[in-house]
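Participant: Sharing a model prediction with you, sequence too.
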Amino acid sequence: MPLDRDELISELKTMYAQVLEYPPEVVTDDIDLEAELGVDSLQHQLVLAQASERWQLSLPPEADAPSPLTPASVADYLLRSSS
């Protein structure tokens, strides 16, 4: 079953909020996770690992972060990687 972009964004926002220990409503679709919330590469890789496991995706070992790093851009990256 193909991934739904809106569902993917919603789940990614929850994942980033948990990793960052922020309330879920702080993480919006287009918030710059690095500039506005201070996401570092380790936290980003943790979310990618969770997403990879959750949706059974095969991602490159050292996946490049989209720029800007937002839940929407990460969802688009995952959708491209899953096809």
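Facilitator: Looks like it arrived, so ask away.
Participant: alpha carbons only for contacts and neighbour counts from here, please
Facilitator: OK.
Participant: so how far is residue 29 from the residue lying closest to residue 43 once chain neighbours are set aside?
Facilitator: The shortest distance from residue 43 to any residue other than its chain neighbours is 6.6 Å, reached at residue 19 (C-alpha to C-alpha, 6 or more residues apart in numbering). Residue 19 sits at a distance of 16 Å from residue 29 (criterion: C-alpha to C-alpha, to the nearest Å).
Participant: show me the contacts for residue 32.
Facilitator: Remark: with contacts taken as C-alpha atoms under 8 Å, 6 or more residues apart in numbering, residue 32 is in contact with 68, 69, 70.
Participant: what ranges do the strands span in the protein?
Facilitator: Counting by DSSP state E, the chain has no strands to list.
Participant: Okay, now the unreliable bits of it?
Facilitator: For the chain, residues meeting the criterion pLDDT under 70 lie at 1, 61-64, 83.
Participant: So for residue 19 and residue 29, which sits in the more crowded spot?
Facilitator: In terms of neighbours (other C-alpha atoms under 10 Å), residue 29 is the more surrounded of residue 19 and residue 29; the figures are 18 against 14.
Participant: so the more buried one touches residue 74, yeah?
Facilitator: No - under the criterion of C-alpha atoms under 8 Å, residue 29 lies out of contact with residue 74, with a separation of 10.0 Å.
Participant: And for residue 60, the neighbour number?
Facilitator: Using other C-alpha under 10 Å, the number of residues around residue 60 comes to 8.
Participant: quick one on the thing from earlier: closest to residue 23 out of the contacts of residue 32?
Facilitator: Proximity of the contacts of residue 32 to residue 23, judged by C-alpha to C-alpha, is greatest for residue 70, which lies at 16.3 Å.
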